[in-house]
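>>> structure, please.
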Amino acid sequence: MVSRFPISRKIVGEEHFFAIAQEFVSKQTPSSPPHSNFGDEFADFVELFYDLIDIAFVPDVMRLEAARSRAYSAADATSITINRLREVQKSDLADVVFVPHPSLSVVKSVHPVVTIWAMHTGEIQSQPILDWQGEDALIIRPQKLVEVHRLSPGGAAFMNAIARGATVAAAAEIALEDAKEFDLADNLAQAFQVGAFGGLST
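Numbering: from 1, shown residues only. Got it, this is the predicted structure:
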């Protein structure tokens, strides 16, 4: 399980991390044998039982890492392109239902979790985060590599609604309730760019 959380271990410290992980494992019931997604609840455990006020963002980093490992083991699938959407009649666009790519996950956070992740993986230069704002992450493996993308405002609510089977119109309404600056066109463009959808129906 601990191999799923390399960045969290780095942030917390090996000794502290392994102590917490050992306690988490000890509380798992014998009827729940380890599996490929074992540890998905680790972030919730850490959030509830450990005072990490100085590093309160760690549980969300753990959720991002857990999503990455699920994406690695998800089924391979071909993403549809925006050309597939252009085949839909304009009168039917509001009723489109997207099928999410099987590797797709979303992590909502009140912390700049995508920036923190990128700094600790070396994708961007590490430096103080002066504008501490929440960031929502989209995690996906469209081909061989798992990718982490920062969603624009309302994007997480939109993608979560899509994952629950909502139409484009219904998902957009939910996203607007979450963030008044939600832009449907921009979010759809980003979703197609990263390969978020495996299919669609009307």
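
>>> going forward, measure contacts and count neighbours with C-alpha atoms only.
OK.

>>> quick one, what contacts the most centrally placed residue in the chain?
In the chain, the centroid-proximal residue (Cα atoms, centre = their mean) is Val106; its distance is 2.7 Å. Residues in contact with Val106 (Cα atoms under 8 Å, 6 or more residues apart in numbering) are 67, 136-139, 156, 159-160.

>>> repeat that with 10 Å
Shown in contact with Val106 (Cα atoms under 10 Å, 6 or more residues apart in numbering): 63-64, 67, 136-140, 148-151, 155-157, 159-160, 163.

>>> among those, which are in helices?
Taking DSSP state H, the ones among those that sit in helices are 63-64, 67, 155-157, 159-160, 163.

>>> now those residues as JSON lines including distance to Asp44 and neighbour count?
Shown next, in JSON lines, are those (distance: Cα to Cα, whole Å; neighbours: other Cα atoms under 10 Å):
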{"residue": "Arg63", "distance to Asp44": "9", "neighbour count": "25"}
{"residue": "Leu64", "distance to Asp44": "12", "neighbour count": "28"}
{"residue": "Ala67", "distance to Asp44": "14", "neighbour count": "25"}
{"residue": "Gly155", "distance to Asp44": "23", "neighbour count": "30"}
{"residue": "Ala156", "distance to Asp44": "19", "neighbour count": "25"}
{"residue": "Ala157", "distance to Asp44": "20", "neighbour count": "24"}
{"residue": "Met159", "distance to Asp44": "22", "neighbour count": "28"}
{"residue": "Asn160", "distance to Asp44": "19", "neighbour count": "19"}
{"residue": "Ala163", "distance to Asp44": "22", "neighbour count": "20"}
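
>>> dump the residues you listed into TSV; add pLDDT and distance to Arg84 as well.
Converted to TSV, the ones in helices among the contacts of Val106 look like this (pLDDT from 0 to 100; distance: Cα to Cα, whole Å):
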residue	pLDDT	distance to Arg84
Arg63	96	32
Leu64	97	30
Ala67	96	27
Gly155	96	21
Ala156	97	23
Ala157	97	23
Met159	97	18
Asn160	97	21
Ala163	95	18
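
>>> could you single out the nearest of the residues you listed to Thr78?
For these, the closest approach to Thr78 (Cα to Cα) belongs to Ala163, at 16.9 Å.

>>> need the nearest residue in space to that closest one, chain neighbours excluded.
Pro100 (6.0 Å; Cα to Cα, 6 or more residues apart in numbering).

>>> kindly confirm my reading that the residue nearest to the centre of the chain is in a strand.
Yes. With DSSP: H, G, I helix; E, B strand; the rest coil as the criterion, Val106 is located in a strand.

>>> what distance do you get for it to Phe158?
10 Å (Cα to Cα, to the nearest Å).

>>> then Val99?
Separation of Val99 from Phe158 (Cα to Cα): 13 Å.
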